[in-house]
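Visitor: Sequence first, predicted model second:
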Amino acid sequence: MNHRLCRSLALALVLAPVAWSSGKARAAEGRVRLAYLQNDLHHLALWVALEKGFFREEGVSVDIAGVFHTGAEMMSAFEGGDLDMAYVGQAPATIAEARGRVRLRVVALVNAEGSAVVVGAGAPYRRLGDLRGATVAMPGYGSVQDVLLRKAMAEEGLGPHDLKVIVLKPPEMISALGSGDIRGFIAWEPYPTRARAQGVGRILVASHAIWAGHPCCILVAAQAFAEAHRALVEAVRRVHVRATGYLRAHPEEAAAVAVRYTGMDEATVRDAMKDVIYADELSVEAEREMVRSLVEQQYIPPVDPADFLRRFLLDTESLAP
Amino acid sequence: MRRQGLVLPVLLVAAWQFGALLAGAKGLEVTSPLDVLRGLADLVKGGMPPGHRLPKHVLYSLVRVFLGYSAAIASGVPLGLALGASARVRAFIRPLVDFFRPIPPLAWVPLAIPWFGIGVTAAAFIIFLGAFFPLVLNSAAGVNTLDPVYVDAARTLDASRLQIWTKVLVPGAMPCILTGLRVALGIAWMTLVAAEYTDVREGYGLGYMVMAARDLQRTDVVLAGMLVIGVTGLALEVGLRAAARRILRWK
Amino acid sequence: MGAHLEVCGLTKHFGANAVLEEVSLAFERGAFVSVVGVSGCGKTTLLRIIAGLEPATRGVVKLDSTVVTRNTPRIGFVFQEHALFPWRTTLQNVEIGLEIAHVPRRRRRRAAEELIRTFGLEGCEGKYPKELSGGMRQRVAIARTVITEPELVLLDEPFNALDGRLRKNLQCFLLDVWASRRETVLFVTHSVDEALFMSDHVVVLSSGPARVIDVVQVDLPRPRIPWSPEIGRLRERILTQLEAVSLATSPAQRTSR
């Protein structure tokens, strides 16, 4: 009995590196290692595509290679070569690209807007400026929400130190707001709607009011993967476009899918979806503005937005001659 | 001996710098030792997150460690001594200790936040958990491994129970207690950095700083931050070791 | 009768193992008494019971007709491995008995310093036990014990780790200390020569379990000459008795037990 156990262990040890290295060869068989963010309602198109089998119909095999808490974590996975494509926030991807940590290509837009600044349900604030000196939470440095918050602060005449900005994981923001540890937070849907549904918070400023039509999440591909398997990438883009169209046409069905992926009740999900613009077409002007904001906030070194986007966006890039 | 200890690190750093230069020539982005130094300067001047400068990060981390560590000493050492001295205490308490000890301190974070909020107390609690068990176990060992002849000698000198504790058991167990203090400090410092990755209301702390640098993809600052964390931890350890040498000069 | 130390029918069993059996002794105040016997015969156990470190199964110990059951400042103990507290300096070790008795610092410091001087340990006050030689350590151990002026001093093979000239020096040293203070001394040793050199009475114990075979009076003036015929006769008497004990507990006998 002991002998068999030893042999199986030895076999496993030998095969493990083989299995590991074979993972790198997955793309050859029409497989894509895909990732998305946990509990991020913005990525609904992907969830719909998975549930309705759109990928299969295009002959694409999708491996969900990771469900991440933050975009920055996802960038580390790209850096390590463990991901091919992902649904991720625009800002973390741009920062990672600008800092040379990854080589990515933006394939499509996933959503616009869909975040909000939330304050306590009974709090007397009427605008962001009223929060001067208060502690406000956001999901992470260099996230889209962080960029939005700083934009809003600038518009309200608040300097970078006029708010105590701290990082919290979105699930913790609601309880921190309730306990008074923070006076406000900014997060992606469904968290603002959830705070409202639980009676803990109310929306002070929707991201629409900070920057109308701002890009939020995007679909990216690793540059090496896009070069080697362009057809596959295009197939995924087609699936994404189809799923986006589908969920706009069938919001109740999409809401039911979202319930499964977020664990929240349908009413809250439906409410949250109203604040998200699901679209698949990038606006170059909005993209330029995002790059400009990141430079202004000193999150990326100064760069000409047009030059940068020429490399960063898949479609405006001219591939190998 | 000091000089020999420096040879390898210096060689490694030189090789690293050289490798980074080569990679840079090839168009690859590799963080070099010089980049790390620049990142360090950034931490001091500009701060990470921007505006949050290094000295305050170090201060907050030290305060959190101090609170958690002191609480662990105040509760862990007496408990350990009691465990070592009394079979009855051992019978009641030891199973509880053995049950909780393998749970990593960070696993308590989901409980710590609801219980203590997101301020200093929650982080100090996590650190307390990390430091507590080595202190208990080493203090117990200190009493257990003390030659019983010392207690006999004290008894023949007509010492009361309290006097046996203060004049024999505690000083006699001191070498083990100090070992426990050193181990606990190391664990406390490591736990601190990870505990500070998130839920830090003050916005300051070395772990928080490194996390922000990671989020902004500033690998140079991440490495500089790790360097600071390592050096600070080392300074604490060296300080404790010097204190231990003084206290144990009778050995 | 005025016996200072009385041991009455002292018996000790460790479970089924009988270590001491009906040991009875009586000695006058100020007597120097040695206890000899083969190794492991129970001499140490006897001493520990008298000191109050262990309870007897049967029998009592009396000091000046008062029953003694636990440790008391009237009885001091010098251990085989000196048992000096390693974390205390010489001065701190010597004064600890007074410290335990809550004697104020200045007084006990002075007493300790004087004793250290008397014992020839000047210069060692600030040293830790690890810095002292074996002979010095034992002198410190004796100082630690006598500073509280106990009526009875028990010593458990204190010079075991020493030999030759050093051992001789310490034997003389102990005799000097005793001569000036005149406590009752109970001195355990496995060296018959040592016992004859130092004591007024020598208690010979058998083993397995220990019983008193003989109590030899040594009525000779000190300092004694180890090779004198009187000492020789006494030595032979004791050795013969110990030999008989050995034979009685020979391997054949021992395995049958």
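Guide: In hand now; what should we look at? Numbering: from 1, shown residues only, chains lettered A, B, ... in the order given.
Visitor: So A:L149 belongs to a strand, correct?
Guide: No: using DSSP: H, G, I helix; E, B strand; the rest coil, the secondary structure at A:L149 is helix, not a strand.
Visitor: Please look at it and A:I166 and confirm they touch.
Guide: No: applying C-beta atoms under 8 Å as the test, A:L149 and A:I166 come out as separate, 11.4 Å apart. Yep, even glycine has a C-beta here, placed from its N, CA and C like the rest.
Visitor: what about A:R33, distance to A:R230?
Guide: For A:R33, the distance to A:R230 (C-beta to C-beta, to the nearest Å) stands at 16 Å.
Visitor: If you count surrounding residues, which of the two has more?
Guide: Shown here are A:R33 and A:R230; by other C-beta atoms under 10 Å in any protein chain shown, A:R33 has more neighbours (22 against 13).
Visitor: Name the nearest residue to B:A195, ignoring sequence neighbours.
Guide: Once flanking residues are discounted, B:A195 sits nearest to B:I126: 4.3 Å by C-beta to C-beta, 6 or more residues apart in numbering or on different chains.
Visitor: what's the neighbour count on the one you found?
Guide: Neighbours of B:I126 under the rule other C-beta under 10 Å: 27.
Visitor: try B:Q17
Guide: Burial of B:Q17 is recorded as 15 neighbouring residues (other C-beta under 10 Å).
Visitor: what's the pLDDT at the nearest residue to it once chain neighbours are set aside?
Guide: Closest residue to B:Q17 apart from its sequence neighbours, by C-beta to C-beta, 6+ apart: B:P33 at 4.8 Å. Confidence at B:P33, expressed as pLDDT, is 91.
Visitor: OK, contacts around B:P33?
Guide: B:13, B:16-17, B:20 (C-beta atoms under 8 Å, 6 or more residues apart in numbering or on different chains).
Visitor: how close does the closest residue to A:D162 other than its chain neighbours get to chain C?
Guide: Nearest non-adjacent residue to A:D162, counting by C-beta to C-beta, 6+ apart: A:R132, 5.3 Å away. Per C-beta to the nearest C-beta, to the nearest Å, A:R132 is found 59 Å from chain C.
Visitor: How about A:Q298?
Guide: For A:Q298 relative to chain C (C-beta to the nearest C-beta), the value is 58 Å.
Visitor: how about the residues of chain A near chain B?
Guide: Neighbours of chain B within chain A, by C-beta under 8 Å from any C-beta of the partner chain: A:70, A:72, A:75-76, A:92, A:95-96, A:98-101, A:135, A:140-143, A:160-161, A:164-169, A:172, A:175-176, A:179, A:181-182, A:298-299.
Visitor: mind listing which of these are in strands?
Guide: Residues from the residues of chain A next to chain B lying in strands, with DSSP state E as the criterion: A:135, A:164-167.
Visitor: Show the buried residues in those residues.
Guide: Among these, the ones that count as buried by 16 or more other C-beta atoms under 10 Å in any protein chain shown are A:135, A:164-167.
Visitor: A:A187 contacts A:G140, correct?
Guide: No: in this structure, A:A187 is not within contact of A:G140 by C-beta under 8 Å, at 10.5 Å.
Visitor: Now do B:L106 against C:N93, distance only.
Guide: Between B:L106 and C:N93 the distance is 47 Å, computed by C-beta to C-beta.
Visitor: name the helices or strands packed onto the host helix or strand of C:A244?
Guide: Using DSSP states H and E, C:A244 sits in helix C:229-248. When contacts are defined as 3 or more C-beta pairs under 8 Å, 6 or more residues apart in numbering or on different chains; DSSP states H and E, helix C:229-248 sits against helix C:192-198, strand C:201-205, strand C:212-217.
Visitor: returning to what we had before: can you pull the contacts of the residue nearest to A:D162?
Guide: Applying C-beta under 8 Å, 6+ apart, the residues near A:R132 are A:158, A:162-163.
Visitor: let's go with 10 Å and repeat that
Guide: A:153, A:156-159, A:162-163 (C-beta atoms under 10 Å, 6 or more residues apart in numbering or on different chains).
Visitor: Name the SS class of C:S24, please.
Guide: Applying three-state DSSP: C:S24 is strand.
Visitor: Does it touch C:E6 like I think?
Guide: Yes: if you go by C-beta atoms under 10 Å, C:S24 and C:E6 touch, sitting 8.2 Å apart.
Visitor: So those two - more neighbours on which side?
Guide: The neighbour comparison of C:S24 against C:E6 (other C-beta under 10 Å) goes to C:E6, with 19 against 12.
Visitor: Are we agreed that the more buried one is in a strand?
Guide: Yes: assessed by three-state DSSP, C:E6 belongs to a strand.
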